[in-house]
Each structure stands twice: as C-alpha cells, then as structure tokens.
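Visitor: Quick one: sequence plus predicted model below, questions after.
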Amino acid sequence: MVGGGHAGIEAALAAARLGARCVLVTHAISEIGRMPCNPAIGGLGKGHLVREIDVLGGEMGLAIDATGIQFRMLNTKKGPAVQSPRAQADKHAYQRRMGEVVLAQAGLEVIEGDVVDILAMPMDAASATCAGASDGASDGALTGEAAPRTKPAWRVRGVRLADGREIAGARVILSSGTFMRGLMHVGARQTIGGREGAVSAEGLSESLRRLGFTLRRLKTGTPPRLARDSIDFTLLQPQPGDVDPQPFSLRTEVFAPRQVDCHQVWTNATTHALIRANLDRSPLYGGTIEGQGPRYCPSIEDKVVRFADKERHLLFLEPEGRDDNEIYVNGLSTSLPADVQEAMVRSLPGLEAARLLRYGYAVEYDSVPSWQIHDTLETKPVAGLYLAGQVLGTSGYEEAAAQGLVAGVNAVRELGGHSPMPLSRGQSYLGVLVDDLVTKDITEPYRMFTSRAEHRLHLRCDNTEERLGPLALEFGLLDARGRRVLEARARYVDGLRALLAGVTVRPPGGGPAVVAAQYLRFPEVNLEGALAAGLAADPGAEERLHALRGALAEAAPAPHVRAGAEAQVENGLKYGGYIAKQARLLAQRDDLDLRALPDDLDYKSMSALSFEAREKLTRIRPATLGQAGRIDGVRAGDLAVLTVFLRKRRIVRRQGGGDGGDI
Amino acid sequence: MSDPIEMSQDTVVARATPEGEGGLAVVRLSGPEAMAIAARVFRGPGFGGGSGAGPVARRAVYGIFHEPIDAQVVEDGALAVIDEILALPLPGPHSYTGEDTVEFFCHGGRQVAALVVRACQAAGAVAAPPGEFTRRAFLNGRLTLDQAEAVADLIQAGSEQAARAAVAQLRGGLDAELGAVEWPLLDLLVRLEGSLEFSDDDDTAAVPAAEVRLTLEEARDGIETLLALAPAGRLLREGIHVVLAGAPNAGKSSLFNRLVGGERALVDAEPGTTRDIVTAPVRRGGRLYVLHDTAGLRDTSHLVDGAGRVETMGIARTKETVAQADLVLLLAEAGAAGGQAWPELAAGEASMAPAATLRVLTKMDLAGGGRDRTGLAPAQVDEKAGKPIATSSLTGAGVDDLWAAIERQVEAWRLDEAVSLGVVLNERHRQRLLECRDELTQMLALYEGATPGDEVAGTLLASLLARLGEISGRVFTEQMLDGVFRRFCVGK
C-alpha cells in the first residue's frame, strides 16, 4: 500500500484482516489518517458511503464515532432516502486513533519512505518466469506510449523508495492522494508539495507514464484556518449538533459524544469588493492553474464572479478539534494572496480581529483518469497494480476510503484465486462509485451525490446492513463481534416484518381492515402507530415484540442498532411501491449488464458506430453492453450495432470462419 | 437459415441507381468473388487478360465489358462486346457494403445496365434482392442502425415526400423534437435535485408541486404530439391505402380505373365482376397512394353454390382490406332505383391511422330528370355525414373534386409536418414514447394524492429521462449536476 491517507488505511486494514502480509509505505507515520481539508466525515451521499464501508468491516465509521465532536443528520426535512449523517471530527484525535489502529494491526508493517517508482516486469517475462527479476520498469527501454491495450503489458512486482530501497509485492495498491507532482498556490507564490507542510511525490508520475498510463492534471483547494481565540463568537449564529446524535457504525457500542457548536457567518459587500479588486492576483483567474477543479466546491473567487448578483454567501466556522485553537472556514476556499485573505476574513462580523493560522491554497496534482482501471480497481496496463482515492480523480475522504476498501479486498481475493467483490449500482453506492469511475469520463474531482444513484430509494443508510451484510459475511470482512451484531439485527428486522405482516388492524379513520404492514404505508402512519394498532388488535403480538427486542438487546445492546433496524422496516415499507417499480424498470436494462463485451473488440474500425461512440468505447472499453449504454454519447442504435456484431461474430466462429473482427 | 444476421457468402449484383430512363446507371457487384467475376466480364487496366498486377483500389478504369469469357465461343481472341464502360474496384472493407465490390458505370440507361447485370450473373453472381446492399452494409458495420433504417425507407420510398422525410430523419429531426421534451424535464430535475443535494445552502428552495405538475403535463403533451406523428411515418413509408367499397355494380371498378388512369380492373355491367382485390399505386402531389378495388358488398346467400362461394370469399377479403385501410371511399350509385343505401362498414381498427371515410356518388351521368339535383335518393340523405361527392366515371366529372377531398383528408394526418420536422417514428421509437407517456401519466396520478417527496419525484424523473435517452443517446446525470452547479451557488 502506497499512502497513509483514508484510501490507504482501509486498503491496508482490509487486506491484513483477510490474512495477507502487507506493508504500508507512508512519508510520515505521524501523518496517517490526516484530514488535510474539511475536518468532517459524512455528508449527503458521503454518509451513505461511510455506512457501507462500515458494514464491510472498514474503520472509518468507528473512528469518527470515537472522535467526532458534532453529529448531525442532514436533510431531515426531506425523505429518508436522501438523509445522510455528517460529523465534525476532532481531527487530531481522529488521526491519532487511525495511526494506533494501523500500527496495532497484525500482519501489517508500516514503513516510512517516499515511493518514487512502481516496479513492473513485461508480461511476457512475467508469464515465462514468475520470479522475473529484470529491472523492467526503470530500464529505459520502454517506449510503449499508449495505443489502448487490451491485455496488460506489465505485471507489478513492487515499489522503489527514494533512498533506493526496493519493497517486493505481488500486489501494489497506490493511493498517493494529491501528492503526485503536487503544486500549491497562494496568490502568485507557488510551492511544490501535496499539501501544506508536506513534500510532493515527483518520481511517481514519470513512473506511471513509463508504464503506459495517461495522466491528467486536477485542482482542488482549501480555505484559511483562523485562531479560535481571536474570534468574537457572540456576534455569530451558532449551529449546534443534533439533540439525539446517532453514530455511524453498527459496531459502535458506547456513544456519548460531548458536542460543540459550529457557527455561521455571511460574507458582505466589502468582502466581495475586496475579492473583485484582487482577482488579477488569483492564480485561478490569472491562468496560472491549468488543472480542472470541482464545480461543487467552488472557490470564493468563483462564487463571487459566477453569481455576481448574490449579495452574500454563507460560511461555516468549524472547529478542527474539541480543544484545538484552529477554526476551518468552510465555504471560503481560496488561492488569493495572503494579504487579501486577511482583509477578506476581517471584513466579516465577529472576525474583525481574526488571526490567520494558515492561509488557504489551491493545489494542482496529477491523477490517473479512471478509464484505465477495471471495476476491480486493478489497472488495465499493469496487472497486480490497484489504484484508489484521489489519484483516480475522486475527491473526499469517504470516496477514497470506499475505493481503498474495494482495492484491498479485491487484491487479496485475486491473489488467492477468488472472485472479486460483486458490486452493482442497484445494491450499493460503492457499486455506483466504481461503475461511474470505469464508465464516465471524469474531468473534475468526482464526488458522490445521491442523484448519481438511480436506485436511490433503495440505497438508504438504514438498510445498509441488509444490502451488504451478506457480502460481508461471505467474504469474512467482519470480526466476531461485527458478525454477531449484524446477524442479530437481521433477525430483528425479519421478526418485525413478520409481526407487521401477521396482525390485522382496523384503521381508526374507518375503512376496511388491513394488515399492519399495509397500514404502515398510509402517509400519516409511522412504525410506532402501526405497532400500537397491531398490539391492540392481537394480544399475543406484544409478547412476540418483547421477545424480539430482548433478543436484539442481548446481542447488540447499543440503542442505535434497534433504531436503525426499525427505520429500515418503516422506510422499506413506505417506499416499497416505488422501489418495486424502479426495480422492474431497471431490470430490463440490467439484462444488458450480463452481456459481456470481449476485450479485443476493435471499436475504431466499426464505422457503423457513431464517431463519438467509437471514440468513447475505444477509450473506456466497457466490460458489458449495459456499461456501454451508460456512456454518454452511446445511443440505443449503437448498442444495436454492437449486438448485431456480437451475434455475427458468434455465428462466424461457429462456422469455423475467421474471427469476424473485420467490422 | 432464415436468420437475418446470417451472412450470405454469395456475390450479388444489381443496379445500384434507381430505375429510370437515360443518364448514368451504376451496377454494383459485391461479395467475396466480386474481383474474380469482374475479371471475367471486363477487360481494362488491372482486369481481365491485361497486366497481371490486378486492379488498383479505388481507381476507376475505362475498358470493354463483354460476355463472360468461359460462356462464349472464343474466335480469334474476339470478345462478345456489350459496351465500353468505366469500372471502379473497391476492395473491402472500404466499400458501401464493406465487401469486395466492383461498380460499373454504364451510359445509356436501363438497356445496357440490364445486359451488364445479366453478364455478371452468367459469370457467377446472384441477383441481389432489394435492400441487400444496405443489409450487408449494416451487418458489416458500414451504416448505423438509424441510417440503415432511413436508407431502407429511402429504398422503399414510393414518393418524393417519403424520401424527403427519410433524409430529414438522417439529419436528426427526431432528435431535436425529443430534445424539446427532454430539456424542460431536465431543468425540473435540476431544481428538484438542487434542493435535495444542497438543502443546507440557502439558495435552493423547494420546487412547488404545482410547477412540477405543470412541467410533467407539458412533457406529456409534447410526447402526445410526437406520437400523433407516428401514423404519418407509416403513411409515408408504406403509402396511403385507399379502399373503394360499395354495393355490387356501384361503379367501384370504373372509378378505380379513373383514379388510377388506366384499364387495370375488369369492368362489366354484370354485378359482382370483381371477386378479388385489385391494387394499384398512384403517385400524386408528391405522395404515394395505394388504391384497392374490392368485391361488392351484398348478401350472397341466394346465389348458386360455386359462384356464390367465390363471391363470399371475395366479400370476406373486402372486409379485411377495409379494416386495414387508411381511407375508405364508400360508393353508391346516384339515385338508383329506390336509392342504394350506403354500405355499413367497420373500418380501420387494425390501422394505426384513424380510418376515414368519404362518401362518393357514382354514375351521375345516368342521374337524369325527375330526381333531386344532388342525385341523392331519399335513402341516401344523411344530414350528419354531409354532402357526398358526386362523380361520373364515364365523363370524368367530379373526379378532381374527389382527389381534392382525399388530399384534404390526408392533410389532417400531418404528413407535411412530419416531413418538415424530419420526425418519422419507427415502431421502436413509438414503443418507447408510449412507455414514457404512460410513465408521465402515472407520475401525475401521484400528485393527485399526497404529494410525493422530492427524492421520489427526482428518482422517477431521472428514470424517465433515461428511457427517453435510449432514443436520443443522451445520458443526463452529468448534465443534471452541471445544471445544478450552474444554477445554484452551492457547495462549500
């Protein structure tokens, strides 16, 4: 594992827990699990990912539950499918805890060092002698720039560090974040480095290029940090955490966070005038930055320019720790020069005397466009090399951690000759994430949104255990305690459903008698009401419910387990009709996902495909017809052409003719 | 064997340019043996007994086209010359069909072209059925499905209008019309999702249910409008089926002959002469009509066995034909003794177009004194149906009026609109649009009850757009997010 960020941590822990012997190489052990940007975990869509990581045995949920200082459920005014948890972290505590977990993990060795080279041998040599020792990657004889390869040209064999040490590895997972050729901008000042106070990984980009990868420049940014003791909070609107905070992890047993407030502050005309007057000093507008930044996380310069008619923008002041003096100014991402940042901050009410502890900056870095990976996250050009996280063009700790987990599990499965994780768009946000990565042409840092999931009503936080629990059990991703809680929860859900389906209630408003499960689907009825009606109608039901709850409490005493299970039953029934309808509609398209497209199709020569389809299919090389159909620019007519081609090819093969590949 | 995708290994030959007199005709020879067959019927640089180097790809050469060498008696090396023509060798895959192809350019129209085709057949090629070149081109990946469909329509196009529509379709008329339905829905989705994904931002207000309903209703109307053009697509492709029906001896065949402009149908004063359906195409005003003359409708139970059975079968076929008609001409003899009543017909159920009927009085030349000036006997007056068109097949009177009435009727089917929009829906498009319309209707029904949550509406809307996208090829997720970011100042 290369990199000790959120992707590297989950990859290393998952692989080690599955019994592989792992080495995690990081440039500084003390930096493992650092939050270089927003001191928070979760958010819309992202919270869903954390829940999924958790059910699959990952560490992120446990860590934030233990170190969070404010917990909120977002979107509570909207339907349950689009509600998602978010928590402010004490980032030092989070980082400390992650470091401890990683260092304590059996089978996982941590080495400090800078990886500068991916070692690989040509595939021919690899198949001839598996122990091939020729110094493949760095012998300079490689020229193979990039006709899209259908078979990997290389097999990975390890990494080389800056000090010359080589670490052998049958599988390598690269999650180097923003470090590849990282370049930070504060005004006109440029610093080489992946983030503040850290060096950049200079050699890696060149190493990947030599192996045939195409790289792309991306950009992201971060706001300034203020000294808490220099802010007058009495002038600001506090934003407290939830009164009844809920943890992320199924496995969290004790949860009683001491919560702290965040604060809101609005920008004003003075702030905007300052920004406009200094736009020419922003590298974003001076043309210095070439990388593409995320639209959903615009810099304050962007907001002021693009939404010129808005008189004010909302900012959040978020503490970076319970006792930390550092305050993160959410919404004020900028790369303006230091003096402008100071003036900007001091134009805000309550912040007139604020001290800047660190300046905001933009960072540009190299990423590997994700059409170069399979849906296992193994790369196409280099067998045995996996990528995860920001290096693949995503953004966010949660997206990174999710990929790390997938890469870690798949690398070990593949090593043992087992099938990879079956992830689908219909079953998980992980599936949506991975499918989007291999299907879309991602030109800005990718972030999860619930609207990316066509099965959104089914992919809820409350039923994560049901969706992914069986996979976690089958693959052995949970420890004994996790398994016990998961199984107890599943039994409770089944019992509750049976109970609701087994009693008949008479709606108080009149109308015919219905089973309680049906009654619960009335808009004005909730689970509590349906259960109460059920218990009133059937004297035996109370005892059954009591027994169910007793059994659950014994195996999983934490109250949030029961609350989650009950939310799952209620929301599943409320959305039931829609989910079934969506499933029917989408099943027709899912059939196409079962129809594989051979690796060796030469789309370029299929002039029947539209020009755009040819170009995109050649680059993305979808694994199935279904995936091909999800590519923007590939039309139903193009799919028909592919279908005809595949049939024709089968017929020609059956007749013993040529390969039919002459389209 | 009958698998349409099964590739034939034959080398085929046919005229590749439309039938017609004069000008240039192109004969196309396509298939694995194309070069070899050409060498046996054509002598020129690279072909036949000339240089051994073989033809230069994609370079037209002038030479002598002759009867196949092995099919003629060679006397002193003389060849049975057909004509001097140009030959263009196109080795696969860089040809229309994707196969090895030779195209012969013949002057002098159909005569020479026919001889060239026959000589190629004598040399081993098989006559290509209509559409075969296009079929091979599609199977070899030289044409997109949409193009192949449009070309197929062009080949079958019986009228200029159909050809124009096929060309417009190739240029993407349907795409633009679908876009007009898709974009407002996408805009709505942007607003719904904006309020879901960024509810913490101050910017994204919830979308009022009334606005959602309005947008959905407009989209449904838009799809209805497209669906209303679906019959036009078929009428353009297949022609407009006009069926003449009426009592025996009502003058159907005479009028049919007048309309067709020839002596196609057998006419006799004896009732029941036409026992089978007689069909003839008529091109008029840029449109293709297919006229059907039918057996007269009458009670046949009084007839003696043999003749009666034949006529009964004829009447059954008449009813079948009427059921498939786009337009039925109901004929009755003007003021016949006691007045011939208008026949009763159950028309048009199997047809995609709502079948229309026009009532036509025949034999106005016989309608002499003592009768109403309109030629109507009392039994023929029907206030609701209005005035019938009076015709005489003998004098030709009223035939132009009848054509004008037919054309007025056809205009109501919006063929011109379909042509100018370039919207020629095929069955595949029509099915998708029907599904989307039903989907919209169901969504609107949701809003009749308790308003569904935005997350439900957004999910259903996204899936609807995905279905429309199956026709247009557009994938909306990124466009939707793009819209959210452009519209709202969101994100931190």
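Guide: That came through, no problem. Residues are numbered from 1 along each chain as shown, chains lettered A, B, ... in the order given.

Visitor: Let me see the ranges of the helices in the stretch 1-150 of chain B.
Guide: Using DSSP state H, counting those that start in this stretch, the helices of the stretch 1-150 of chain B run over residues B:34-41, B:110-122, B:132-139, B:145-156.

Visitor: Is A:Gln568 located within a strand, as I assumed?
Guide: No: assigned with DSSP: H, G, I helix; E, B strand; the rest coil, A:Gln568 falls outside any strand and is helix.

Visitor: May I ask you to confirm that it is in contact with A:Tyr492?
Guide: No: using CB atoms under 8 Å, A:Gln568 is not in contact with A:Tyr492; the gap is 9.7 Å. C-beta here means a position set from N, CA and C on the backbone, and glycine is covered the same way.

Visitor: comparing the helices of the stretch 1-150 of chain B, which gets the lowest mean pLDDT score?
Guide: With a mean of 58, helix B:145-156 has the lowest mean pLDDT of these.

Visitor: which residues touch A:Ala168?
Guide: Listed by CB atoms under 8 Å, 6 or more residues apart in numbering or on different chains, the contact partners of A:Ala168 are A:157-158.

Visitor: Quick check: the gap between it and A:Gly384.
Guide: 12 Å (CB to CB, to the nearest Å).

Visitor: Name the residues contacting each of these two.
Guide: Counting by CB under 8 Å, 6+ apart, the common neighbours of A:Ala168 and A:Gly384 are A:Arg157.

Visitor: Mind naming the longest strand for chain B?
Guide: Using DSSP state E to define each element, chain B has its longest strand at strand B:81-90.

Visitor: ok, and what's touching that strand?
Guide: Against strand B:81-90 from outside (CB under 8 Å, 6+ apart): B:35, B:38, B:42, B:44, B:46-47, B:55-67, B:96, B:100-108, B:112, B:115-116, B:119.

Visitor: Next step: the residues you listed restricted to strands.
Guide: B:42, B:61-66, B:101-107.

Visitor: Please pick the buried ones from those.
Guide: B:42, B:61, B:63-66, B:101-106 (16 or more other CB atoms under 10 Å in any protein chain shown).

Visitor: Any chance of a markdown table for the residues you listed, columns distance to chain A and pLDDT?
Guide: What follows is these, written out as a markdown table (distance: CB to the nearest CB, whole Å; pLDDT from 0 to 100):
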| residue | distance to chain A | pLDDT |
| --- | --- | --- |
| B:Phe42 | 26 | 90 |
| B:Val61 | 26 | 87 |
| B:Gly63 | 29 | 87 |
| B:Ile64 | 33 | 87 |
| B:Phe65 | 30 | 89 |
| B:His66 | 33 | 87 |
| B:Thr101 | 14 | 93 |
| B:Val102 | 19 | 94 |
| B:Glu103 | 19 | 91 |
| B:Phe104 | 25 | 91 |
| B:Phe105 | 24 | 85 |
| B:Cys106 | 28 | 81 |
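
Visitor: Which of these lies at the shortest distance from A:Val412?
Guide: Ranked by distance to A:Val412 (CB to CB), those are led by B:Thr101 at 55.3 Å.

Visitor: Chain neighbours aside, what residue packs nearest to that closest one?
Guide: B:Ser95 (3.9 Å; CB to CB, 6 or more residues apart in numbering or on different chains).

Visitor: Using the three-state scheme, assign the residue of the stretch 301-450 of chain B found nearest chain A.
Guide: For the stretch 301-450 of chain B and chain A, the shortest gap (CB to the nearest CB) falls at B:Ala450, measuring 4.6 Å. With three-state DSSP as the basis, B:Ala450 sits in coil.

Visitor: Can you pull the domain assignment for the chain?
Guide: Assuming you mean chain A. Per automatic domain parsing, the structural domains of chain A span A:6-179+A:207-217+A:366-465, A:222-364, A:479-580, A:594-654.

Visitor: sorry, should have said chain B
Guide: B:12-141, B:173-229+B:425-487, B:243-411.

Visitor: count of neighbours near the nearest residue to the residue of the stretch 301-450 of chain B closest to chain A once chain neighbours are set aside?
Guide: Among residues not flanking B:Ala450 along the chain, A:Pro523 sits closest, at 4.6 Å (CB to CB, 6+ apart). When neighbours are defined as other CB atoms under 10 Å in any protein chain shown, A:Pro523 has 9 of them.

Visitor: Confirm for me that A:Pro523 is in contact with B:Thr451.
Guide: No: using CB under 8 Å, A:Pro523 makes no contact with B:Thr451, being 9.7 Å away.

Visitor: Contact residues of the stretch 251-400 of chain A facing chain B?
Guide: Applying CB under 8 Å from any CB of the partner chain, we find that the stretch 251-400 of chain A lies next to chain B at A:294-298, A:303, A:306-307, A:310, A:313-314, A:316, A:330-331, A:333.

Visitor: Weed out the non-buried ones from the residues you listed.
Guide: A:294-298, A:303, A:307, A:313-314, A:316, A:330-331, A:333.

Visitor: Let me know whether the residue nearest to B:Thr101 touches B:Gly31 as I believe.
Guide: No: look at B:Ser95 against B:Gly31 with CB under 8 Å: they stay out of range, at 10.6 Å.

Visitor: in the one helix or strand B:Ile406 maps to, what counts as buried?
Guide: Counting by DSSP states H and E, the element that carries B:Ile406 is helix B:399-411. Using 16+ other CB under 10 Å as the test for burial, helix B:399-411 gives B:399, B:402-403, B:405-406, B:409-410.

Visitor: Turn the residues you listed into JSON lines, including distance to chain A and pLDDT.
Guide: Converted to JSON lines, the buried residues of helix B:399-411 look like this (distance: CB to the nearest CB, whole Å; pLDDT from 0 to 100):
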{"residue": "B:Val399", "distance to chain A": "45", "pLDDT": "88"}
{"residue": "B:Leu402", "distance to chain A": "42", "pLDDT": "91"}
{"residue": "B:Trp403", "distance to chain A": "39", "pLDDT": "91"}
{"residue": "B:Ala405", "distance to chain A": "40", "pLDDT": "90"}
{"residue": "B:Ile406", "distance to chain A": "36", "pLDDT": "90"}
{"residue": "B:Gln409", "distance to chain A": "34", "pLDDT": "84"}
{"residue": "B:Val410", "distance to chain A": "30", "pLDDT": "83"}
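
Visitor: Centre of the chain to stretch A:86-104, how far?
Guide: Its chain's average C-alpha position is 18 Å from that of stretch A:86-104, according to CA atoms, centre = their mean, to the nearest Å.

Visitor: tell me the mean pLDDT over it?
Guide: 97.

Visitor: quick revisit: state the distance from the residue of the stretch 301-450 of chain B closest to chain A to A:Arg460.
Guide: Applying CB to CB to B:Ala450 and A:Arg460 gives a distance of 20 Å.

Visitor: Compare neighbour counts for those two and give me the winner.
Guide: A:Arg460 (26 against 10).

Visitor: For that one, identify the helix or strand it belongs to.
Guide: Judged by DSSP H and E, A:Arg460 forms part of no helix or strand.

Visitor: Let me see the contact set for it.
Guide: A:Arg460 touches A:48, A:80-81, A:568, A:571, counting by CB under 8 Å, 6+ apart.

Visitor: which of these lies closest to A:Pro349?
Guide: A:His48 (35.6 Å).

Visitor: so the closest one, which of the three states?
Guide: Per three-state DSSP, A:His48 ends up helix.

Visitor: what about it, distance to B:Thr215?
Guide: Look at A:His48 and B:Thr215: by CB to CB, they are 28 Å apart.

Visitor: Those two: which is more packed in?
Guide: A:His48 (30 against 19).

Visitor: residues touching the residue lying closest to the more buried one once chain neighbours are set aside, list them.
Guide: With CB to CB, 6+ apart as the criterion, A:His48 has its nearest non-adjacent residue at 4.7 Å, and that residue is A:Tyr429. Contacts for A:Tyr429 (CB under 8 Å, 6+ apart) come out as A:45, A:48-49, A:52, A:402, A:448, A:453, A:459.
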